[in-house]
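Colleague: Predicted model follows, preceded by the sequence.
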Amino acid sequence: MKTSVLHTVILLVVLVFSSTTNKLIAQTHGVLDTVKVYAFITPAGDTIPQSYLPDVLVYAKLTKKWKNYWADWTRLRNAIYVTYPYAKAASRIMNDINHRLVNVTDSKTRKAIIHSREKELKKEFTEKLTQLSVYQGKVLMKLIYRETGNNCYEIIEDYKGFINAAFWQTLAVLFGSNLKQKYDAVEKDADMEKIVRDVERMYGYRI
């Protein structure tokens with residue numbers, strides 16, 4: 001009796017094991033037995049599976065240093081958005097004046113040409129420019145240098161003479177500015193250059 005029971009148990013175990021094994025074998029040859037993944041080819045030429053993990057967002061509290069940096073950057077960006085069209089207009093008008101002054105040697109004729117455009121400039125931009133802050137004015141002077149290759153002191157001296165240039169330079173210094181400031185796109189004004197390029201694309205000046 002005991003032997004019969006033992007044989008029965010062994011038989012049941014064998015049957016269960018055989019059934020499970022058959023299922024496993026069947027699964028390895030099923031329709032969905034292959035998982036497609038990306039492949040990465042190593043410099044040596046080997047191909048290995050590759051997968052991508054989902055992005056992880058990490059939030060951290062800004063330090064005082066970076067808060068100040070982004071506050072300054074935002075202020076600069078806003079100033080450039082406001083003043084860049086004026087810098088482009090100044091460049092366009094200067095090119096026009098210089099074109100008209102080619103081969104003009106008579107001082108009265110030169111003054112008349114400059115004065116005519118000066119009246120147009122005052123009519124179009126005086127009200128707008130007087131609304132700029134001192135900081136925006138500094139940014140505008142840098143942008144004018146970027147667009148024309150001349151600082152504001154040189155421009156005034158060329159068109160209005162040394163006395164006028166010296167007067168406006170003195171006034172600028174009193175307000176904490178400088179007409180002779182230049183534009184350094186590589187180092188000192190690198191952030192400004194990045195913003196200007198974005199603004200150029202926005203206004204359609206650069207494709």
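Modeller: Structure's in. What do you need?
Colleague: going forward, measure contacts between C-alpha atoms and count neighbours the same way
Modeller: Noted.
Colleague: How many neighbouring residues does Leu76 have?
Modeller: Close neighbours of Leu76, defined as other C-alpha atoms under 10 Å, add up to 17.
Colleague: Verify the stated contact: it with Ala190.
Modeller: No. Between Leu76 and Ala190 there is no contact under C-alpha atoms under 8 Å: 11.7 Å.
Colleague: Flag the shaky bits of this protein, pLDDT-wise.
Modeller: For the chain, residues meeting the criterion pLDDT under 70 lie at 1-33, 124, 205-207.
Colleague: ends of stretch 184-195, how far apart?
Modeller: End-to-end distance of stretch 184-195 (C-alpha to C-alpha, to the nearest Å): 14 Å.
Colleague: cool, stretch 154-166 as well?
Modeller: 10 Å.
Colleague: any residues touching it, and which ones?
Modeller: 114, 153, 180 (C-alpha atoms under 8 Å, 6 or more residues apart in numbering).
Colleague: can you do 6 Å?
Modeller: Residues outside stretch 154-166 that contact it (C-alpha atoms under 6 Å, 6 or more residues apart in numbering): Tyr153.
Colleague: name the element Phe125 belongs to?
Modeller: helix 107-129 (DSSP states H and E).
Colleague: And that helix, what's buried?
Modeller: Neighbour counts over helix 107-129 (16 or more other C-alpha atoms under 10 Å) mark 110, 113-114 as buried.
Colleague: With Arg197 as the reference, measure out to Asp191.
Modeller: For Asp191 relative to Arg197 (C-alpha to C-alpha), the value is 10 Å.
Colleague: Check Val186 too.
Modeller: Counting by C-alpha to C-alpha, the separation of Val186 from Arg197 is 13 Å.
Colleague: try Tyr135
Modeller: 20 Å.
Colleague: Show me what the lengthiest helix in the chain is packed against.
Modeller: As assigned by DSSP state H, the longest helix anywhere in the chain is helix 64-101. Here helix 64-101 touches helix 134-148, going by 3 or more C-alpha pairs under 6 Å, 6 or more residues apart in numbering; DSSP states H and E.
Colleague: Buried residues, the helix or strand just after the helix it packs on. List them.
Modeller: Next in sequence after helix 134-148, counting helices and strands by DSSP H and E, comes helix 152-160. Buried residues in helix 152-160, counting neighbours by 16+ other C-alpha under 10 Å, are found at 152-156, 159.
Colleague: Just want to know which of Val186 and Arg197 has more residues nearby.
Modeller: Arg197 (13 against 10).
Colleague: where does that one fall, helix, sheet strand or coil?
Modeller: Following DSSP: H, G, I helix; E, B strand; the rest coil, Arg197 is assigned to helix.
Colleague: Repeat that for Ala60.
Modeller: State at Ala60, reduced to three classes by three-state DSSP: coil.
Colleague: Would you mind putting the CA coordinates of stretch 95-106 into CSV?
Modeller: The C-alpha coordinates for stretch 95-106 follow below in CSV (Å, rounded to 0.1, in the frame of the first residue of the first chain):
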residue,chain,number,x,y,z
ASN,A,95,25.4,104.1,-43.7
ASP,A,96,23.1,106.4,-45.6
ILE,A,97,24.8,109.5,-44.3
ASN,A,98,28.3,108.1,-45.1
HIS,A,99,27.0,107.2,-48.6
ARG,A,100,25.8,110.7,-49.2
LEU,A,101,29.0,112.2,-47.9
VAL,A,102,31.2,110.3,-50.3
ASN,A,103,33.3,112.8,-52.4
VAL,A,104,31.6,115.8,-50.6
THR,A,105,34.4,118.1,-49.5
ASP,A,106,32.4,121.3,-49.0
